[in-house]
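*Asks:* Here is a sequence together with a model predicted from it:
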Amino acid sequence: MRHLHTLVVFLWACVLFSLLWTGLASGHDQEEVTVLEEVQVLGERPIAASSNRIIPNKDILLQPQGRPADLLRLAPGLITLEHSGGAGKADQFLLRGFDADHGADLALHVDGMPINMRSHAHGQGYADINFIIPETIEEITVKKGPYHVEYGDFATAGAANYVTRESVPDTVLQAAGGSFNTQRYLFMTSPTHDRFRTLFAGEFYYTDGPYDFVNRNTRYNGLAKLTFEPSATSQLSVTFTQHYGSWNGSG
């Protein structure tokens, strides 16, 4: 009996010693805990609405280049289609449920210059942007929604403004080809970059298209742009563009 009593006392002593040792060890570990400084992550709320989108040059250059209007497909909810009757015509635009036809309900601008024609045999607001060379575009501002005052009366469904580049860092010479005898050649250069910035670009495009009666869509485009800064707060820009297109009707 005395041995049993001794064993119980010994066990209780071990338990108390373990608890005491654990407490000391825990207290020692807490002393080594490193307290990190508070980190704040701040973000600014965008001023523009979600219906506004800016398509940057880096996204434009990643796209396979064929029709200039195809760049607008980078804006969600905006669809461009090659209209029946030939590839050289103005595209058909669909935006947020609106059938904008060839631009009747979509205001299109290049460097702020309106492209929509007020009167045209094919329909009011006809906007042919096949003269644009995609690689010369710095960004595209797309605004979805009715009647943006700054874009005029054709902005019923929305508006888009192509902003051309002022210069390119390096001379570009490019050739590409594909199915249906598709060919495309591009040249861009900027002789000057400082206060006088110049940009010269030329494009040739040809395709027979996927038709039994070959399309023979041929397009020549040229662009020359001079940008001059007379002072730190003023800028003058002069742009010259040239376009030639011919094709056979697909129907």
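*Replies:* In hand now; what should we look at? Keep in mind it's a predicted model, so treat the numbers as computed, not measured.
*Asks:* Do a quick rundown of the strands in the stretch 1-150 of the chain.
*Replies:* 52-56, 78-81, 92-95, 98-99, 106-110, 113-114, 137-144 (DSSP state E, counting those that start in this stretch).
*Asks:* Can you tell me which of these is packed in deepest?
*Replies:* Each of these was scored by mean neighbour count; the highest is strand 106-110, a mean of 25, by mean count of other C-beta atoms under 10 Å. All C-beta atoms are positioned from the backbone trio N, CA, C, and that covers glycine.
*Asks:* which helices and strands does it pack with?
*Replies:* strand 158-164 (3 or more C-beta pairs under 8 Å, 6 or more residues apart in numbering; DSSP states H and E).
*Asks:* before we move on, back to that, okay if I get the strands of the stretch 1-150 of the chain as TSV plus distance to residue 33 and mean pLDDT?
*Replies:* Converted to TSV, the strands of the stretch 1-150 of the chain look like this (distance: least, C-beta to C-beta, whole Å; pLDDT from 0 to 100):
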stretch	distance to residue 33	mean pLDDT
strand 52-56	46	85
strand 78-81	55	89
strand 92-95	58	90
strand 98-99	62	85
strand 106-110	61	94
strand 113-114	65	94
strand 137-144	50	93
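*Asks:* mind putting these in JSON lines, distance to residue 205 included?
*Replies:* Converted to JSON lines, the strands of the stretch 1-150 of the chain look like this (distance: least, C-beta to C-beta, whole Å):
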{"stretch": "strand 52-56", "distance to residue 205": "21"}
{"stretch": "strand 78-81", "distance to residue 205": "16"}
{"stretch": "strand 92-95", "distance to residue 205": "19"}
{"stretch": "strand 98-99", "distance to residue 205": "27"}
{"stretch": "strand 106-110", "distance to residue 205": "18"}
{"stretch": "strand 113-114", "distance to residue 205": "23"}
{"stretch": "strand 137-144", "distance to residue 205": "16"}
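*Asks:* Residue 66: which of these is closest?
*Replies:* Of all the strands of the stretch 1-150 of the chain, strand 78-81 sits nearest to residue 66, with 10.9 Å by C-beta to C-beta.
*Asks:* so which of the strands of the stretch 1-150 of the chain gets nearest residue 185?
*Replies:* Taking the strands of the stretch 1-150 of the chain one by one with C-beta to C-beta, strand 137-144 is closest: 18.0 Å.
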